[in-house]
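*Asks:* structural data only, the sequence is not supplied:
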């Protein structure tokens, strides 16, 4: 009876086709877990965020103290705040691993799914940025000032655009209230885009580690991968709880424990760790507009990856030179992340400029060139 119901009931049928009887390649590895883990991260962030929103005050005079009130006076408020703050870091860890897997195994060849994924990345980044402003500490205020000021580099309309976003002539009360509104609404846009992402993915089916068509070797999602995802989810929640309970401020900035003061500039303004690579690219170009364009292109370059694919093979499984290049890219991003957290002085400036140039060269020149070389070497 239940078996028939899940295949005939209109709503249960959608659930069944998406999560139970979904044909999946039999050889997909643990790297394919991160899609479902991102779904879990989104649920955790939305739920903890809703509880925080019940007690948060979006006003510059009381925002900082309302966060302190949540942590000190609200029942388990400290836990909800710590889960939400560290949940953002877990979200980005899963997101970057998910993108890395897509790049390594050639999942970007599903162009629509991939491009929606890049849009999702931009939405998550926007949500994280406006969310970081809400505690109204020193780094919140100055981070918002520095990043929103970047838009003033846009010719003709830049200054007016910045003032329009601020709702005045500086980062003030109007800025905080609208950033809170954006932070509340954007996750719902992320949910919608995620459903679209899944819809396109289920149209084409998942890629697999070999990059070869797997139509002849499919197994149902449940129980094979549902239990695998359950294990991944348990491990993720364990790491999140360990962070939230034992070292909640490990990934934060100590400067944000000081209430925002427009008259005192922190000696070293830097964003959260997950934005440091992009911040390093931004800082590496002396020209303001050039820096902003490089920052934007460092993310949008992902949309060009399918067009730059020249290999006869889909993934990197049988391409040793492309594998080496992929790990060179990963190393380069780690170097950029390290540079983004350092003060703007020598030798960090020149290292940042070299790493930023290398980042774009790998994507635009080396990846297509190495793939073509492998085609001729392997006689594909």
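*Replies:* Nice, thanks for sending it over. These numbers come from a predicted model, not from an experiment.

*Asks:* next up, the contacts around residue 364.
*Replies:* 301, 304, 308 (CB atoms under 8 Å, 6 or more residues apart in numbering). For the C-beta atoms, the positions are set from N, CA and C on the backbone; glycine is no exception.

*Asks:* swap in residue 26?
*Replies:* 214, 217, 218, 219, 224.

*Asks:* and the lowest-mean-pLDDT helix or strand in the chain, which residues are buried?
*Replies:* Ranking every helix and strand in the chain by mean pLDDT, DSSP states H and E puts helix 2-8 at the bottom, with a mean of 81. Using 16 or more other CB atoms under 10 Å as the test for burial, helix 2-8 gives residue 6.

*Asks:* so which elements touch that helix?
*Replies:* Other helices and strands packing on helix 2-8, by 3 or more CB pairs under 8 Å, 6 or more residues apart in numbering; DSSP states H and E, are helix 10-15.

*Asks:* right, and the helix or strand after the helix it packs on?
*Replies:* Once the chain leaves helix 10-15, the next helix or strand it forms, by DSSP states H and E, is strand 23-25.

*Asks:* related to what we said a few turns ago, tabulate the contacts of residue 26 in JSON lines, adding columns for neighbour count and secondary structure.
*Replies:* Shown next, in JSON lines, are those (neighbours: other CB atoms under 10 Å; DSSP: H, G, I helix; E, B strand; the rest coil):
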{"residue": "214", "neighbour count": "20", "secondary structure": "coil"}
{"residue": "217", "neighbour count": "13", "secondary structure": "coil"}
{"residue": "218", "neighbour count": "14", "secondary structure": "strand"}
{"residue": "219", "neighbour count": "16", "secondary structure": "strand"}
{"residue": "224", "neighbour count": "13", "secondary structure": "helix"}
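
*Asks:* give the contact list for the closest residue to residue 16 other than its chain neighbours.
*Replies:* Of all residues not flanking residue 16 in the chain, residue 6 sits nearest, at 4.5 Å (CB to CB, 6 or more residues apart in numbering). The neighbours of residue 6, taking CB under 8 Å, 6+ apart as the test, are 12, 13, 15, 16, 20.

*Asks:* and residue 6, how far is that from residue 227?
*Replies:* Taking CB to CB, to the nearest Å as the measure, residue 6 falls 18 Å from residue 227.

*Asks:* what's the answer for residue 52, then?
*Replies:* According to CB to CB, residue 52 and residue 227 sit 32 Å apart.

*Asks:* also residue 32?
*Replies:* On the measure of CB to CB, residue 32 and residue 227 end up 14 Å apart.

*Asks:* neighbour count for those two, which is higher?
*Replies:* residue 32 (23 against 10; other CB atoms under 10 Å).

*Asks:* now residue 50: how far from residue 183?
*Replies:* 12 Å.

*Asks:* the more surrounded of those two?
*Replies:* It is residue 183, of residue 50 and residue 183, that has more neighbours when counted by other CB under 10 Å, with 22 against 13.
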